[in-house]
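Participant: have a look; sequence and predicted model below, questions after that.
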Amino acid sequence: MDIRKLDVFRKVVELKSFTKAAEAALLSQPTVSEHIRNLEDELGLKLVDRLGREVEPTPVGMVLYRYAVRMTQLQQEALQAVARYNGDLSGELRIGSSTIPGAYILPRVISSFCSRYREVKPVMQLNSSRAVAAQIVEGNVDLGMVGAIWNERGLEWTAAFSDTLVLAVNPLHPLAEAEKVSVVDMAKLPFIQREQGSGTRRVVAKMFEKKGIRESELQEVAILGSNEAVREAVKAGLGVAIISSRSVSQDVQCGTLVSIDIDDEAAQRPIYLLQRKNRELSPVATAFVEHLHKAAALEGSVQLDRTDP
């Protein structure tokens, strides 16, 4: 079975499109279609279904996909190991990340890493913390970064960077002049929340639970699926939000938002590096973890210590 065809098949499944897979593989669409047809002829089974504009794997196609991921990853790791032996690194670095580290931490760390290893191609996917964990377990990404921790078998959590949660309010809000706000007082405010599965939402819920306040007791006025949407809603006066200070720093400087310190130690949270237990990282991912360690130390963030959920 040709590994190149398996890689093309993997891209078709992941991108749900022959056209997008062709673009990603730098091939023509007819060539991609031929590769899939050759695999189906070789196995004597149908691997994908066309559902309107999207392509979905058949049940047996999903079985092959899981093996295709492992086989193409192993190929990449072999090439990376040989390259590193020769004093260089090349290949893909696949990272899953929740919004805050993906938008405000990883881009500069990845940039400095790639300025040293120019043959490395970073591929970062933004998702909820829960979805990132699932990607790690399934082997779809090498590493993850999230802003919350919970019990999940097979995962290893390492506190890397630190983050501070603040209460973001509209400049005309009655609390805009306050220096600090208590968790109990925040429970009385109209809240804009992140979606279920968000690391920030999980930390916020625990913050209130420690004070005996259930999440269902909050005056929830909206649930929004991104930090950008939350920030814009606060600017528009829809409500207030507990959000990372990293994500509102420019808005605060411009005067379009006000951030208020939260009078609770739980407002300080680690950002976790996430990887699968007992799975050896690829040479590229190993080098990136080392680079991340140095970047965290330069920022003065928490040390890279393994943490039990």
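Facilitator: Looks like it came in fine.
Participant: please identify the helix or strand for P270.
Facilitator: Element membership of P270 [criterion: DSSP states H and E] is strand 268-276.
Participant: what is the mean pLDDT for that strand?
Facilitator: For strand 268-276, mean pLDDT rounds to 91.
Participant: in stretch 38-53, what counts as buried?
Facilitator: Buried residues in stretch 38-53, defined by neighbour count with 16 or more other CB atoms under 10 Å: 39-40, 47-48. In short, each C-beta sits where N, CA and C put it, glycine included.
Participant: from the residues you listed, pick the one nearest F161.
Facilitator: Proximity of the buried residues of stretch 38-53 to F161, judged by CB to CB, is greatest for V48, which lies at 40.1 Å.
Participant: return the distance of stretch 259-277 from the chain's centre.
Facilitator: Relative to the mean C-alpha coordinate of its chain, stretch 259-277 is positioned 15 Å out (CA atoms, centre = their mean, to the nearest Å).
Participant: try stretch 258-277
Facilitator: 16 Å.
Participant: list the buried residues for it?
Facilitator: Buried, per 16+ other CB under 10 Å, within stretch 258-277: 258-260, 262, 264, 266-267, 269-276.
Participant: any idea how far apart the tips of it sit?
Facilitator: Length of stretch 258-277, first residue to last, CA to CA, to the nearest Å: 41 Å.
Participant: ok, now stretch 41-48?
Facilitator: End-to-end distance for stretch 41-48, by CA to CA: 13 Å.
Participant: cool, stretch 182-190 as well?
Facilitator: Note: stretch 182-190 ends 15 Å apart using CA to CA.
Participant: where does the stretch 101-250 of the chain dip in pLDDT?
Facilitator: In the predicted model, the stretch 101-250 of the chain carries no residue with pLDDT under 70.
Participant: can you give me the strands in it?
Facilitator: Here the stretch 101-250 of the chain has its strands, by DSSP state E, counting those that start in this stretch, at 119-126, 143-146, 155-169, 180-181, 190-194, 219-224, 241-244.
Participant: which residues are contacting stretch 144-157?
Facilitator: Counting by CB atoms under 8 Å, 6 or more residues apart in numbering, stretch 144-157 makes contact with 95-98, 100-102, 105-106, 129, 132-133, 135-137, 160, 163, 199-200, 202-203, 244, 269-277, 306-309, all of which sit outside it.
Participant: re the thing from before, Serialize the strands of the stretch 101-250 of the chain to CSV and add fields for mean neighbour count.
Facilitator: CSV is the format used below for those (neighbours: other CB atoms under 10 Å):
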stretch, mean neighbour count
strand 119-126, 15
strand 143-146, 28
strand 155-169, 22
strand 180-181, 16
strand 190-194, 21
strand 219-224, 14
strand 241-244, 26
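Participant: reformat those as a markdown table; add distance to S90.
Facilitator: Compiled in a markdown table, the strands of the stretch 101-250 of the chain are given as follows (distance: least, CB to CB, whole Å):
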| stretch | distance to S90 |
| --- | --- |
| strand 119-126 | 3 |
| strand 143-146 | 17 |
| strand 155-169 | 25 |
| strand 180-181 | 50 |
| strand 190-194 | 37 |
| strand 219-224 | 39 |
| strand 241-244 | 34 |
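Participant: closest one to P59 among these?
Facilitator: The nearest among these, by CB to CB, is strand 119-126 at 24.7 Å.
Participant: tell me what the closest one is packed against?
Facilitator: strand 90-97, helix 99-104, helix 106-116 (3 or more CB pairs under 8 Å, 6 or more residues apart in numbering; DSSP states H and E).
Participant: between the ones you listed, which one is closest to M186.
Facilitator: Nearest of those to M186, taken as CB to CB: helix 99-104 at 19.5 Å.
Participant: and I262, what are its bridge partners?
Facilitator: V181 (DSSP bridges).
Participant: and Q275, by the same measure?
Facilitator: Counting by DSSP bridges, the residues bridging with Q275 are E156.
Participant: C-alpha coordinates for the strand holding P270, CSV please?
Facilitator: Output of strand 268-276 as CSV, limited to C-alpha atoms (Å, rounded to 0.1, in the frame of the first residue of the first chain):
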residue,chain,number,x,y,z
GLN,A,268,-4.1,33.3,38.5
ARG,A,269,-4.1,30.1,36.4
PRO,A,270,-1.4,28.1,34.6
ILE,A,271,-1.5,27.5,30.8
TYR,A,272,-0.8,23.8,30.4
LEU,A,273,1.3,21.9,27.8
LEU,A,274,-0.6,18.7,27.0
GLN,A,275,0.7,15.5,25.6
ARG,A,276,-0.2,11.8,25.5
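Participant: quick check: bridge partners of D49?
Facilitator: In beta-bridge terms (that is, DSSP bridges), D49 pairs with E56.
Participant: fine, thanks again, bye for now.
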